[in-house]
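Enquirer: okay, predicted coordinates and the sequence, questions at the end:
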Amino acid sequence: MDATHSWEMIKAQLPSGWRELATELGVFRPQLAPWNAKIKDIEQVLRLEFHRAGLESSLKGTTAQAAAAELIDISSVALHKWECKLGPYLAQLLGTMVGAGMTFAPERWAGFEVVVVDGTTVQRPGSKGTTARVRYAMRLSDLTFLYLEATDEHQGETLRVFDAYVGQLWIGDRGYANPPGIAAIVRQQADVLVRYNRGTLPLYDEDDEPFDVLRHVRALRLPDQRGEWKVWMHPSDGPALRGRLCAVRLPDDKVEEARTRLRDEYGGKVSTEALEAAKWLMVFTTVSRRRLSTSRVLKLYRLRWQMELEIKRDKSIDGLDKLPNFVPATIQTWLYIKLLLQQIGRKIVSETVIFPPSAAYWHFLPVSSVPADDPNQAAPADQAHGQQGLVRARARPRCPARRIDVPAAA
C-alpha cells in the first residue's frame, strides 16, 4: 500500500503532543463530549480536513466519502463549523513543524514582533482563472494570521487596511512601497520594512531635494557590499517621514536571474534603469540604526523573502491558489492545512521521516463514486457565498498582538 496516502504515515509526521494540544487550546474537550457524540477524537476531524484540502474536495464531497468509507457520518454543516474554530490550533502545529519561532523570535530582532504582509491571487470555488485576491498579515514567530481578507481581483496591495501595534515590524514586497501605506503603519506607532520601488516611492534628502537612488547605490560595486542612506518620504496628508535606504550588491548570477525575471514580465518594455537597478537589493525601513544595523535589516528581509518565495512556489503544486469559500475562518483552516501538507510531504521524502508503529497502513480516505469537486455539492454556507459573489470579510486576531517594550540602545 502506498505510504504517502496512508493516514498513519501522515499522522506520524505531526508534532508530538498534537492530540493533547487540541485539548489544551479548548478546540476539543473529550471529557465534555456526550457518549453518543460522532466526534470522539480530534484525529477524526484532522483526517477529514487533510483529505478535503489535499484533494480540494467540497464539504459535501468530503463528508459523503467519509460516510461511504464507514469512517464517520457527519453533515457538511457540522464539518464547516469545525473548520471555523481550527485556525489557532493548526497555526501552532505549523509553527512547530517549521520552527519559525526560533528564526523570528522577538529577542532575535531587537524585540520586534515581525509581521509579513502579502496579497495573492486565487480562484473562486468552481471557477477557472483568477477571480479574487486574498490579503493577509502573518506573525512569523508563530505563523499566526493576524488579518485575512478575501476581496475581488481588482483590489490592489496596500498597508492602509491593516491594524498595527507598537512593537511590530511590518515587512512587505515592493507592492507595498508607497507613502500612504507606509504612513498608515507609522501613525499606529509600528515600523515598516519594504522592498524599494522606484516607481511608487519617491525619496528625498535632508535638503528636501529628490534623492537619486541609482547614483548612490552605484558606489556598491563588489558583491555583498552594503550601504545605507538617510532619506525622507512625503505622504500627501501629513509631515515628511524619515527612514533609511539600505542596499547590497548582488552576485552576478543573482543579477542575471533578476534581469531574466524582468524581461519575462515586461518583455521589450523593460527600461535600462530597471535592468541596472537589478544589480542591488534595495529596501526602505523606518527602523532606526540603533535597533537594527544595515546587515540585520537586509538579513531579515531576505529571510522573509525566502519564506514568501517558498509559499508562492508551492501554490501551483499544492493548490494554494484555490479557496474552498470566502469565509475568513475557513480560509485560515484551508491555508494552514495546505501548508502543513507541504511540511509533511517534505518530511516524508527526507531522512527525518517518521514511520508509524504499525506496518498495517490504512488508506488516508478511500475514493468513492461521489464527485469530490462538484461546486454544486458545496455546503449551504458555501452556496450562499457563491451566489452572493465576493464578500469582503476581515478576520481579526483572536488575541491582540502583544506589546514589547525594549530599552533604547545606547
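Expert: Structure received.
Enquirer: so for stretch 255-266, what's the average pLDDT?
Expert: The average pLDDT within stretch 255-266 is 92.
Enquirer: CA atoms only: put it into CSV for me.
Expert: The C-alpha atoms that make up stretch 255-266 are tabulated as CSV, following Å, rounded to 0.1, in the frame of the first residue of the first chain:
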residue,chain,number,x,y,z
VAL,A,255,21.7,39.8,-11.1
GLU,A,256,21.2,37.8,-14.2
GLU,A,257,18.3,35.9,-12.6
ALA,A,258,16.7,39.2,-11.6
ARG,A,259,17.1,40.6,-15.1
THR,A,260,15.6,37.4,-16.7
ARG,A,261,12.5,37.9,-14.5
LEU,A,262,12.2,41.5,-15.6
ARG,A,263,12.4,40.6,-19.3
ASP,A,264,9.9,37.8,-18.8
GLU,A,265,7.5,40.1,-17.1
TYR,A,266,7.9,43.3,-19.2
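Enquirer: for that stretch, buried residues please.
Expert: Val255, Ala258, Arg259, Leu262 (16 or more other C-beta atoms under 10 Å). Where you see a C-beta, it was placed from the backbone N, CA and C, and this is true even at glycine.
Enquirer: start to end distance for stretch 168-185?
Expert: 10 Å (C-alpha to C-alpha, to the nearest Å).
Enquirer: so Arg302 sits in a helix?
Expert: Yes - if the criterion is DSSP: H, G, I helix; E, B strand; the rest coil, then Arg302 is within a helix.
Enquirer: so where is this structure shaky, pLDDT-wise?
Expert: Along the chain, the model assigns pLDDT under 70 to residues 1-5, 31-36, 100, 121-132, 150-156, 305-326, 351-352, 357-410.
Enquirer: re earlier: in strands only, show me the buried residues of stretch 255-266.
Expert: Here DSSP state E is the test, and those give no hits in strands at all.
Enquirer: can you tell me which of those residues is closest to Glu24?
Expert: Ala258 (45.6 Å; C-beta to C-beta).
Enquirer: for the residue lying closest to that closest one once chain neighbours are set aside, grab phi and psi.
Expert: Once flanking residues are discounted, Ala258 sits nearest to Ala278: 3.9 Å by C-beta to C-beta, 6 or more residues apart in numbering. Backbone torsions of Ala278, given as degrees, to the nearest 10, read phi -70, psi -10.
Enquirer: next: Lys81.
Expert: Backbone phi and psi, for Lys81 under degrees, to the nearest 10, turn out to be phi -60, psi -40.
Enquirer: repeat for Pro239
Expert: The phi/psi pair for Pro239 (degrees, to the nearest 10) is phi -70, psi 160.
Enquirer: list the contacts of the most centrally placed residue in the chain.
Expert: Nearest to the geometric centre of the chain sits Met138, at 5.7 Å (C-alpha atoms, centre = their mean). Residues in contact with Met138 (C-beta atoms under 8 Å, 6 or more residues apart in numbering) are Val115, Val116, Val117, Thr144, Phe145, Leu146.
Enquirer: from the buried residues of stretch 255-266, pick the one nearest Thr286.
Expert: Ala258 (25.2 Å).
Enquirer: okay but that closest one is in contact with Glu276, surely?
Expert: No - contact between Ala258 and Glu276 fails when scored by C-beta atoms under 8 Å: they sit 10.9 Å apart.
Enquirer: rewinding a little: just curious, which of the contacts of Met138 is nearest to Val327?
Expert: Nearest to Val327 among the contacts of Met138, with distances taken as C-beta to C-beta, is Phe145, at 13.5 Å.
Enquirer: before we move on, what SS does that closest one have?
Expert: Applying three-state DSSP: Phe145 is strand.
Enquirer: partner residues bridging it?
Expert: Met138 (DSSP bridges).
Enquirer: is Thr330 in a helix, a strand, or coil?
Expert: Applying three-state DSSP: Thr330 is helix.
Enquirer: got the contact list for the closest residue to Leu143 other than its chain neighbours?
Expert: In this structure, Leu143 finds its nearest non-sequential neighbour in Gly95, 4.5 Å apart by C-beta to C-beta, 6+ apart. By C-beta under 8 Å, 6+ apart, the residues touching Gly95 are Gly101, Ser141, Asp142, Leu143, Thr144.
Enquirer: show me where the protein has its helices.
Expert: 7-12, 18-24, 42-54, 59-68, 76-83, 87-98, 100-103, 179-186, 213-217, 252-266, 272-277, 294-318, 328-348, 380-388 (DSSP state H).
Enquirer: now the fifth one - C-alpha only, CSV.
Expert: What follows is the C-alpha trace of helix 76-83 in CSV, where atoms were taken according to Å, rounded to 0.1, in the frame of the first residue of the first chain:
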residue,chain,number,x,y,z
SER,A,76,-21.2,19.1,5.8
VAL,A,77,-22.5,21.8,8.0
ALA,A,78,-21.0,20.2,11.1
LEU,A,79,-17.6,19.9,9.3
HIS,A,80,-17.8,23.5,8.3
LYS,A,81,-18.4,24.5,12.0
TRP,A,82,-15.2,22.6,12.9
GLU,A,83,-13.3,24.5,10.2
